[in-house]
Each structure stands twice: as structure tokens, then as C-alpha cells.
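Peer 1: need a structure here:
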Amino acid sequence: MGTKVTVTAHGERAILITRSFKAPRALVFDAMTKPEMLKHWLHGPPGWTMTTCVMDLRAGGTYRWAWTNADGREMGMGGRILELSPPDRMVTTEKFDDAWYEGEATNTLTLSEENGVTLMSLVVEYESTKARDGVLAGPMSTGLDASYDHLDNYLASQR
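Peer 2: All right, here's what the predicted structure looks like:
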């Protein structure tokens, strides 16, 4: 099992999300970028199921993820892949269909490995401080903890 996620303000418009995983960096990167692996752990909030997972995994490619709950409501998001350097780094944009913050965000994922443990650093930069502060005020940490616990279990099953 990895650690609990940390979410902190980072500069004027960004947040920094960190978490470690007891798995090799290449496996963590694949689990975070390959649709056939993402579907096993990125379930969304409790009561939701991932129903769409499409990634054109290349710089300039796009991705689309969506989840559906028992009432048939859908929550979707997508964006562009700006940079891709497996298994170290990926930069993407993100925009939710029904966003709770203005504009889109830019995500910079960095993975480093030491002694079989991978440290994830994810910087999410918003278009404004107001948008960033609104996200920080929400329940993001709880949802991330649940998702990354699912990822831990999936990574353990792959070793």
C-alpha cells in the first residue's frame, strides 16, 4: 500500500498532489495512461462506474473519460496531451463537461522511482486563483485517496 495523497496550494494558481506507490515507475505510468489499465482502477466517486476511456497516447493526442452513476447521470472530462515522455512525465489539459471551476486546467504528471517505490507529483494549474481555491475547498482529497487506493490494489495484482 502506498501513502495517503497530499494536496496543497502551489504558487498562485496551482495545486500540488503527491502520493507514493510500491510499484515500478513504468508500471505506474502505464496504469495511469493505458485505457485497458485505467478501467481497472479509475472508478470515480463512490457509486460511479467508468463507461468511457479513450486515449490517443501521443503528444498532440486527445483523451476522453466518462463515468455514469446508478441514476444514469454522466460525468465526463477530456483534454489534449501536450507532452509525453514515458515513464517520467506527461502534460495534459483537462476540462470537465459540467465544470465546477472556470476554464480548463493544465496537469503536469511527474513520476520518479527509488528502491521500487514510485513518487507521483501532479501539478494542476488553473486559469485563476479563484478556480484553484474553489477546487481546494472541495472534497478532492477524499476522492483522490479512494482512486489511488484502487490503483495500489491494481498495481499489486500486476506484479
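
Peer 1: When you work out contacts or count neighbours from here on, use the C-alpha atoms and nothing else.
Peer 2: OK.

Peer 1: The most centrally placed residue in the chain and Ala9, how far apart?
Peer 2: For the chain, the residue nearest the mean C-alpha position is Met32 (7.3 Å; Cα atoms, centre = their mean). According to Cα to Cα, to the nearest Å, Met32 and Ala9 sit 23 Å apart.

Peer 1: tell me which residues in the longest helix belonging to the chain are buried?
Peer 2: Assignment by DSSP state H gives helix 140-158 as the longest helix of the chain. Neighbour-count burial for helix 140-158, counted by 16 or more other Cα atoms under 10 Å, picks out 141, 144-152, 154-155.

Peer 1: and it, what does it pack onto?
Peer 2: helix 25-33 (3 or more Cα pairs under 8 Å, 6 or more residues apart in numbering; DSSP states H and E).

Peer 1: Got the phi and psi for the nearest residue to Thr18 once chain neighbours are set aside?
Peer 2: Spatial nearest neighbour of Thr18, excluding adjacent residues (Cα to Cα, 6 or more residues apart in numbering): Ser121 at 4.7 Å. With angles defined as degrees, to the nearest 10, Ser121 sits at phi -130, psi 120.

Peer 1: Might one say that Ser121 is in contact with Asn107?
Peer 2: No. Ser121 lies out of contact with Asn107 (Cα atoms under 8 Å); the separation is 10.1 Å.

Peer 1: what's the neighbour count on Lys22?
Peer 2: 19 (other Cα atoms under 10 Å).

Peer 1: From Val117, how far out is it?
Peer 2: 5 Å.

Peer 1: now do Asp145
Peer 2: In terms of Cα to Cα, Asp145 sits 17 Å off from Val117.

Peer 1: Likewise for Tyr126?
Peer 2: According to Cα to Cα, Tyr126 and Val117 sit 29 Å apart.
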